[in-house]
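1. Okay, sequence plus prediction incoming.
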Amino acid sequence: MPNHVLLNNIDHKALRVDTGHDAALGDDVMFTVTFPAEFRSVQAHYPIVFHKDAQGELQPVAMFGFYQGKDRQGSNLFLDEGRWDATYVPLAIERQPFLIGRDGEQLMVHIDLDHPRVRSDRGEMLFRDQGGTTDYLDRITSVLMTLHDGLEGTPAFMAAMLRHDLIESFTLDVELDDGSLNRLVGFYTINEERLRALDAAALDELHRAGHLEPVYMVVASVSRFRDLIARMNRRHAAGH
């Protein structure tokens, strides 16, 4: 169970954070949440699709792999012997083990003390000897605020997509080089035919709201499925 507490330079002076990338550090996830302002960076490496959260609301996610096996466990194909094999790591991954919490109306940095990244023996320090924050914690604070602001804007983007009937479910069947079959279901994407059919007024509305560029970033990201398939083929060929 997570153990979220408000971060402070007295109780947590000695804490360090392991910034490596490994399954043991919680990185072996099939996807993570993203947001429209991040789409340009994300689409350079990962497919962007939509997935329903626990409340049944659609949200954009960056895909790292496919379901595998009868237990439908997903894997992260970007993990490679202790490193993340891409030049951009989505902010929702980078921010671990930190999160934003509220103290009244004020946003504050919290930390999950039970997260596997939290250590006392090695890793990035959070506070200087004099009590000030380190460059690492300053960076994380910036990441958290960017993530918070980005996620705040996601509902308006999703509402526009639904209003223009641009979201559709899809099924992706993948046959690997070894003959094994994998099916991706339960996700949604942009209906490109409906997007092309939008009239000038609808396109202008999306543009003025700042939604048009993110839509095309989602469309462009579909080509990244080829990279995921190639990564899975390499992993299977290596016997993993």
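-> That came through fine. Just so you know, these numbers come straight off a predicted model, no measurement behind them.
2. Quick one: name whatever helix or strand follows the helix or strand of the chain with the lowest mean pLDDT.
-> Least confident helix or strand, the chain: strand 73-74 with a mean of 64, by mean pLDDT, DSSP states H and E. Sequence-wise, the next helix or strand downstream of strand 73-74 (DSSP states H and E) is strand 79-80.
3. Please work out the average pLDDT along that following strand.
-> If you average the pLDDT over strand 79-80, you get 90.
4. Would you list the strands that that strand pairs with, along with their directions?
-> strand 83-84 (antiparallel) (DSSP bridges).
5. Whatever helix or strand comes next after the strand it pairs with: how far from the chain's middle?
-> Using DSSP H and E, the helix or strand that directly follows strand 83-84 along the chain is helix 91-94. Here helix 91-94 is found 6 Å from its chain centre; the criterion is Cα atoms, centre = their mean, to the nearest Å.
6. how about whichever helix or strand comes after helix 91-94: buried residues?
-> For helix 91-94, the succeeding helix or strand toward the C-terminus, using DSSP H and E, is strand 98-103. Across strand 98-103, burial judged by 16 or more other Cβ atoms under 10 Å covers 98-99, 101. For every residue, glycine as well, the C-beta is placed using N, CA and C.
7. of the residues you listed, closest to residue 52?
-> residue 99 (21.7 Å; Cβ to Cβ).
8. That closest one bridge partners, please.
-> Per DSSP bridges, the residues bridged to residue 99 are residue 110.
9. how close does the most centrally placed residue in the chain sit to residue 81?
-> In the chain, the C-alpha nearest the mean C-alpha coordinate belongs to residue 32, at 3.1 Å (Cα atoms, centre = their mean). Residue 32 is 21 Å from residue 81, where distance means Cβ to Cβ, to the nearest Å.
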